[in-house]
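**Student:** Provide a 3D model corresponding to the input given below.
(one chain, ligands or ions: 1)
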Amino acid sequence: MIGEKLLHGGDYNPEQWLESQDILEEDIRLMKQAHINCVTLGVFSWSMLEPEEGAYDFQWLKDIIDRLYREGICVILATPSGAMPHWLSQKYPEVMQVHADGKRNLPGKRHNFCYTSPVMREKIRQLDEKLSECFGSHPAVVLWHISNEFGGNFGDSSCHCELCQKEFREWLKKRYGTLDALNHAWWNRFWSHVYTDWDQIHSPMPHGEALSHGLNLDWKRFVTERMMDFCSHEIQAVRTHSSLPVTANFMDFFKGLDYGKFQECLNLVSWDSYPFWHSSRDQVPEAVRAAANHSLMRSLKKQPFLLMESTPSCVNWKAHNPLKRPGMHMLSSMQAVAHGSDSVQYFQWRKSRGAFEKFHGAVLDHKNGADTRTYREVSEVGERLERLTNAVEGSVNRPRAAIVFDWENWWALEDSAGPRLEWDYVGEILKHYQVFWEAGVEVDFVHMGQELDGYALVLAPLNYLYRQGYAEKVRQYTAKGGIYVTTYFSGIVDDTDLCFLRHHPLEDVLGIVQEEIDAPGEEYENSISYQGTEYPVGGIREVIHPKEDTKVLAVYKEDFYAGMPVVTAHPYKEGTAWYLAAEMDLKFLRQWYKELCVQAELYNALGAELPYGVTVTQRQGGEDPVFVMNFSEKPVILMPQGEWEDVDTKERIFDRFTLEAYSCRVLKKK
Ligand code: GAL
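**Tutor:** Here you go, the predicted model:
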């Protein structure tokens, strides 16, 4: 934990209010009243910190930081590269990103700089070093926040300018050594695409080469490394006079950057969470997605993370923007802590008066000061976080189950042009995650470079691409007694997207032989019978053959492959490998994983049956707190095993307790 407390606060943009001293004073007074102990400053302040090239003005920021310090509020200090001042783009247009269609951005908006541009790098270095010198050892400042949502330019994180093309070619030279090796890895004799000169290579572009899977994959790897390189450049600059830890705020299942790799240059992971609460009456899909994101962020370093942004009421950028219903703000804030966050931070403290985000939710609205429902609910969260500090201190979730989630697999799978043109990797992952969420069994996400040891159960849905060394890791894991589960369309290509020849790399472990894969039209219904219940089979159906010692637990009912296996289990040394040959629905997965959880001895911490909408997760350490959350609109009664105490109310719980609609209780074992 930073400063031995759970952080509560958020983005604060006082530069928008410098002429209104009364507002700045009210800010501090109301922050204290709302139990705010941490704000993030400077995220988009470049034009106020350096109004003209080389002319810096830090006094306003210093006054604010000093004042916050006097009031016991700590500061996360951002570097302002997320948005560029107009003088910069006017004088040096090359700092602007070039899109895949070859067009250079015009000035404005944000998150749209070229991460290679030497001018951009030099200008931000100078500013960051000055910030470091001025504030790097200020006692109020606890953490550096590098830039903002790297790559968050409406989904396209890459710059295609000539400088980036050059860097890409250099990167490829390092990776492949020779053009022959590259041509082989990308299978370039196909459509006569053999390169004979490095300068013939271009980034993927809609009106140029866009269908070379090897190129697409390497470009995405390069973009991640280039962005990391830019981030590291900024880290180096803020470190010139400061040894504070650094973070960068990540986004919801963001495909543009491999966060599994990106986190390596940061000391701690943080992210911005904006679920679409109340988009329908059933909050479970959003709760599952938010929980999965929290689990993912925690898993990147297997350490507590920070919830860097969330809205206290609504956002302003979805098709329609519902308010959080009473209780939902507390519940969604507790949800983050439940899955490993050491903070609840908002975007933002005070609503801007003008411009694009003037209707985005904030702790303080344009009117009514502290006299609003949002402000009261925020204050309650702050109070509760203070109460929970001891229970949570030093703790983090330590799940015994893991789901393989890997960016390289995501990129390659959705580009595969395989049995299906459009895959939804995250959707499939969430389907599997949901079953565990409903059972109150926390999972980690691991990418293929991470260790599997220590997990009783590892699931790898749609694990199409195998990174180097991965198959061997799974072999060892299963041999030592692990339960490994994987599905159709797994183990198909290597890390340059070339298909494996002759055998599935894990054929010996899985005990099956893949032969064909079918994706028929909807009228070709099919089903399986599993443990006496009939389940429909979805649109992807693999035709597989079991090996001699493989147990077949369910078979196709229809079509020319009727009687062939859909669910198999294969003993491998001390462990077992399960295979699911067809796309199956949530109902089937619930039943199937129930059985696997028993085998792996995975139960929720309360040992209770959980109704739909309710989940449980535990952090290990501190007082081993158990968070019990109800995302349904109705109160529920739960019957836990053993004796518990409610950390907030001190109430003793023996055999049953009520959990109100949209609420979270934090319990500890007596
Ligand atoms: C985030 C961003 C913030 C703010 C917020 C609004 O993505 O980092 O600056 O724009 O969205 O929801």
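
**Student:** drop to CA atoms for contacts and neighbour counts, all remaining ones
**Tutor:** Fine.

**Student:** neighbours around residue 447, how many?
**Tutor:** Taking other C-alpha atoms under 10 Å as the neighbour definition, residue 447 ends up with a count of 24.

**Student:** hmm, I typed the wrong one, I wanted residue 148.
**Tutor:** 20.

**Student:** that one reaches residue 84, doesn't it?
**Tutor:** No: checked against C-alpha atoms under 8 Å, the pair residue 148 and residue 84 is beyond contact range at 11.8 Å.

**Student:** the stretch 301-450 of the chain against the ligand: which residues are in contact?
**Tutor:** Among all residues of the stretch 301-450 of the chain, those adjacent to the ligand (criterion: C-alpha under 6 Å from any ligand atom) are 315, 347.

**Student:** can you give me the strands in the stretch 301-450 of the chain?
**Tutor:** Taking DSSP state E, counting those that start in this stretch as the criterion, the stretch 301-450 of the chain carries its strands at 306-309, 343-346, 401-404, 443-446.

**Student:** what strands line up against the last one, and which way round?
**Tutor:** Right, the one you point to is strand 443-446. Sheet neighbours of strand 443-446, with direction, are listed as strand 401-404 (parallel) (DSSP bridges).

**Student:** chain center to the partner strand: distance?
**Tutor:** In terms of C-alpha atoms, centre = their mean, to the nearest Å, the centre of strand 401-404 is found 15 Å from the chain centre.

**Student:** pLDDT below threshold where in the stretch 101-250 of the chain?
**Tutor:** Low-confidence regions of the stretch 101-250 of the chain, defined by pLDDT under 70, span residues 154-156.

**Student:** same check, this time on the chain
**Tutor:** In the predicted model of the chain, residues 154-156 satisfy pLDDT under 70.

**Student:** around the ligand, pick out the residues from it.
**Tutor:** Residues of the chain lying near the ligand (C-alpha under 6 Å from any ligand atom): 148, 149, 315, 347.

**Student:** filter those down to just the ones in helices.
**Tutor:** With helices defined by DSSP state H, no entry of the residues of the chain next to the ligand lies inside them.

**Student:** check the gap between the residue of the stretch 401-550 of the chain found nearest the ligand and residue 296 for me.
**Tutor:** When distances are taken as C-alpha to the nearest ligand atom, the stretch 401-550 of the chain approaches the ligand most closely through residue 426, which lies 19.5 Å from it. Spatial separation of residue 426 from residue 296 under the definition C-alpha to C-alpha, to the nearest Å is 12 Å.

**Student:** which one's more surrounded, those two?
**Tutor:** Each of residue 426 and residue 296 had its neighbours counted (other C-alpha under 10 Å), and the higher figure belongs to residue 296 (24 against 14).

**Student:** find the nearest non-adjacent residue to that one, please.
**Tutor:** residue 445 (5.5 Å; C-alpha to C-alpha, 6 or more residues apart in numbering).

**Student:** returning to what we had before: residue 192 is nearest to which of the strands of the stretch 301-450 of the chain?
**Tutor:** Distances from residue 192 to each of the strands of the stretch 301-450 of the chain were compared by C-alpha to C-alpha, and the smallest falls on strand 401-404, at 36.0 Å.

**Student:** who's in contact with that closest one?
**Tutor:** Identification of contacts with strand 401-404 by C-alpha atoms under 8 Å, 6 or more residues apart in numbering yields 429, 433, 442-448, 455-461, 463, 602.

**Student:** rewinding a little: which residues sit in contact with the residue of the stretch 401-550 of the chain closest to the ligand?
**Tutor:** Neighbour list for residue 426: residue 253 [criterion: C-alpha under 8 Å, 6+ apart].

**Student:** buried residues in the longest strand anywhere in the chain, which are they?
**Tutor:** With secondary structure taken from DSSP state E, the chain has its longest strand at strand 533-546. Buried positions in strand 533-546, judged by neighbour count with 16 or more other C-alpha atoms under 10 Å: 535, 536, 537, 538, 539, 540, 541, 542, 543, 544, 545, 546.

**Student:** residues near the closest residue in space to the last one that isn't next to it in sequence, how many?
**Tutor:** With C-alpha to C-alpha, 6+ apart as the criterion, residue 546 has its nearest non-adjacent residue at 4.5 Å, and that residue is residue 512. For residue 512, the tally of surrounding residues (other C-alpha under 10 Å) stands at 24.

**Student:** look up phi and psi at residue 512.
**Tutor:** Backbone dihedrals for residue 512, given as degrees, to the nearest 10, come out at phi -140, psi 160.

**Student:** so it sits against residue 545, correct?
**Tutor:** Yes: taking C-alpha under 8 Å as the contact criterion, residue 512 and residue 545 are neighbours in contact, 5.5 Å apart.

**Student:** list the residues that contact the nearest residue to residue 185 once chain neighbours are set aside.
**Tutor:** Counting by C-alpha to C-alpha, 6+ apart, residue 185 lies nearest to residue 496, which is 5.9 Å off, once chain neighbours are set aside. With contacts defined as C-alpha under 8 Å, 6+ apart, the neighbours of residue 496 are 185, 186, 214, 217, 218.

**Student:** next, the buried residues of the host helix or strand of the last one.
**Tutor:** The one in question is residue 218. For residue 218, the element it lies in under DSSP states H and E is helix 213-238. Within helix 213-238, the residues scored as buried using 16+ other C-alpha under 10 Å are 213-231, 233-235, 237-238.

**Student:** and it, how far from the chain's centre?
**Tutor:** For helix 213-238, the distance to the chain centre is 18 Å (C-alpha atoms, centre = their mean).

**Student:** ok, then the element right after it?
**Tutor:** strand 246-247.
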